[in-house]
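Peer 1: What follows is a predicted protein model with its sequence.
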Amino acid sequence: FSLRFKSETTRRDRRTKRDTLSRENTHILLSLCRRLRFARRVILRTPNLMGKHGISLRKLGRDSAHRWAMLRTMADQLIQHERIQTTVPKAKELRRVADKMITLGKEGTLSARRRAKAILRTDASLIKLFGPLAERYEGRSGGYTRVTQTRIRVGDAAKMAYIEYIDRVGELRPTRSSGKRNSDDDDDTNGKVASSLSATEEEEEDDAGEESEKKKE
């Protein structure tokens, strides 16, 4: 009887210790989960103090497939009409695709045609890209599009903008070539130098006149 009692007591003590350890472990795990949850909440709410690094595109509130489908359609419409109106973030993202299309059109190779056809949706846009647009920008090395902010849209207060191809009839603002800009700067510089020289000559003439009057007196 005594041995049976001791064995039962030992089993009961072991069971009690096991239950106590399990409760303590559960408490520790719960506290760790609470701390991790709080830390995650703090990290998500803390702003990124290092800035925007490694993010090279705008998601535009869409997944990748929807975003790429939208940009393909907008690029096709831009080539057809050469000017469309959209929001500012969409226009800035579309500018990359539109400039890439002109680069492919200027290449004019079979590979470039296949790559452009994989992006554009209509054959008319493809023909125009490798025809008039490629000839128009043959002497330009980049900067084929222009984004001009226009208004604030009623309803959601989104910033609207026109995106258009430059060097065409009916564009919003005429484009000045780099050579003309440099020549205008040179003309302004030459005009300033000439005016300063004329002012110096007038001052010298006045000084000479005053000296001659003093000698006569």
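Peer 2: Received the coordinates, thanks.

Peer 1: for this protein, which spans come out with low pLDDT?
Peer 2: Applying pLDDT under 70 to the chain flags residues 1-15, 17-19, 21-23, 38-52, 176-217.

Peer 1: Just to be sure, Ser56 is in a strand?
Peer 2: No. Under DSSP: H, G, I helix; E, B strand; the rest coil, Ser56 sits outside any strand and is assigned coil.

Peer 1: for Glu164, phi and psi?
Peer 2: Per-residue torsions, Glu164: phi -150, psi 160 (degrees, to the nearest 10).

Peer 1: ditto for Gly131
Peer 2: The phi/psi pair for Gly131 (degrees, to the nearest 10) reads phi -110, psi -100.

Peer 1: For it, give me its contacts.
Peer 2: The contact partners of Gly131, by Cβ atoms under 8 Å, 6 or more residues apart in numbering, come to none. All C-beta spots, glycine's among them, are computed from the backbone N, C-alpha and C.

Peer 1: This protein: helices as residue ranges?
Peer 2: Ranges of helices in the chain, per DSSP state H, are 2-45, 64-81, 88-107, 110-117, 123-128, 134-136, 178-216.

Peer 1: Give me the contacts around the third one.
Peer 2: I take that to be helix 88-107. 57-58, 60, 70-72, 74-75, 78-79, 86, 112-113, 115-116, 119-120, 129-130, 133-134, 137-138, 142-145, 147, 149, 158-163, 165.
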